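Participant: Got a sequence here, can you model it:
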Amino acid sequence: MSESIEYSGLVVELLSSLKRFLKFKELENILEISIPTLWRYIHGDIKPTEDRAKNMLMKLLSKPVIDIVMSRIVKMVDSDVVNLYSIVYNIDVLTLASIDALLWSKDLGLTAVVTVEVDGISLATMIAKRLGTKLIVIKRRKEVGFDKFIELSYVTSMPPEVVTLYLPEGVLGYGDRVLVVDDLVRSGRTSGAVCELVKKSGAKAVGFYALTSIGNTWKKIVSQYVGEHYKSLFELKAPNEV
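Facilitator: Alright, predicted model coming up:
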């Protein structure tokens with residue numbers, strides 16, 4: 001996977017999206033590259049070398065930079081409710097997250113990206129495209145056109161209710177290595193249910209990537225399936241966390 005990545009192309013994409021959230025002066029300070037040079041990168045007049053592009057990507061996707069972006073675009077409706085619409089359907093945010101997910105998961109040997117309808121679909125689609133894997137969307141109802149399904153029911157936390165997930169038989173199988181993608185993870189119950197459903201299909205969840213997370217409770221559940229191979233782009237503290 002790493003050999004097929006064009007890092008110079010990725011950094012140009014990332015710069016083009018990050019300039020929506022960061023001023024050129026900020027990008028200059030972060031990268032220690034002059035504004036005229038950054039401008040020429042973005043407009044395709046010149047390309048950074050692959051080594052320089054890798055170094056730029058490392059800096060642009062560092063936690064301090066991501067935290068700055070998060071502070072400017074992630075809006076809380078309440079103490080633990082995130083206004084997701086402005087994030088999950090923002091192309092520049094999705095570009096940032098999908099590049100981050102690609103570079104983070106490139107060595108996991110992934111063959112499929114799985115998500116649950118509905119808000120995680122846009123991110124999962126972009127990640128699957130970058131990784132060159134198949135995309136599977138788990139539904140909360142039986143999809144027309146399939147005769148057999150793998151089913152799993154679980155109890156949600158807020159509000160507490162029984163939800164059943166349906167995965168058509170045959171879309172995942174033995175040997176598939178899956179990245180589970182979510183738009184927002186908090187309790188981890190839905191993510192754990194998806195991982196278990198993947199397991200029931202004969203495939204293996206080997207990684208988990210979320211656009212936004214609240215608190216750390218979810219990590220205990222997700223880690224049971226993917227070990228330490230989990231990540232959230234925007235990390236928010238839970239109301240009870242100091």
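
Participant: give me the beta-bridge partners of residue 207?
Facilitator: residue 179 (DSSP bridges).

Participant: Go ahead and confirm it touches residue 180.
Facilitator: Yes - counting by CB atoms under 8 Å, residue 207 touches residue 180, with 7.2 Å between them. Glycine gets a C-beta too; all of them are placed from N, C-alpha and C.

Participant: can you list residues touching both of these two?
Facilitator: Here residue 207 and residue 180 have residue 226 as joint contacts, going by CB atoms under 8 Å, 6 or more residues apart in numbering.

Participant: In stretch 115-128, which residues are buried?
Facilitator: Residues of stretch 115-128 classed as buried by neighbour count (16 or more other CB atoms under 10 Å): 115, 116, 119, 120, 121, 122, 123, 124, 125, 126, 127, 128.

Participant: I should have written stretch 9-20 there, sorry.
Facilitator: Neighbour-count burial for stretch 9-20 [16+ other CB under 10 Å]: 10, 11, 12, 13, 14, 15, 17, 18, 19.

Participant: so who does the fourth one touch?
Facilitator: Read that as residue 13. 95, 99.

Participant: In what element of secondary structure is it found?
Facilitator: Here residue 13 sits within helix 7-18, counting by DSSP states H and E.

Participant: Give me the mean pLDDT for stretch 146-155.
Facilitator: Mean per-residue pLDDT for stretch 146-155: 94.

Participant: related to what we said a few turns ago, tabulate the buried residues of stretch 115-128 in TSV, adding columns for distance to residue 239.
Facilitator: Shown next, in TSV, are the buried residues of stretch 115-128 (distance: CB to CB, whole Å):
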residue	distance to residue 239
115	26
116	25
119	22
120	23
121	28
122	28
123	25
124	28
125	32
126	31
127	29
128	33
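
Participant: nearest to residue 175, of those residues?
Facilitator: Comparing the buried residues of stretch 115-128 against residue 175 with CB to CB places residue 128 closest, at 17.2 Å.

Participant: how about that closest one, what does it touch?
Facilitator: Here residue 128 is in contact with 112, 113, 134, 135 (CB under 8 Å, 6+ apart).

Participant: next one: phi and psi at the last one?
Facilitator: Summarising the backbone geometry of residue 135 under the convention degrees, to the nearest 10, its torsions are phi -120, psi 130.

Participant: distance of residue 142 from residue 168?
Facilitator: 9 Å (CB to CB, to the nearest Å).

Participant: Repeat that for residue 8.
Facilitator: 39 Å.

Participant: Kindly report the same for residue 106.
Facilitator: Taken as CB to CB, the span from residue 106 to residue 168 is 28 Å.

Participant: list the contacts for residue 102?
Facilitator: 5, 10, 127, 130, 131.

Participant: Could you tell me how far it is located from residue 181?
Facilitator: For residue 102 relative to residue 181 (CB to CB), the value is 12 Å.

Participant: Which parts of this structure are strands?
Facilitator: 76-78, 81-82, 112-116, 134-138, 149-155, 162-168, 177-185, 204-214, 230-236 (DSSP state E).

Participant: what comes into contact with the fourth one?
Facilitator: For strand 134-138, the surrounding residues in contact (CB under 8 Å, 6+ apart) are 111-117, 121, 124-125, 128, 165-167, 171-172, 178, 194, 197.
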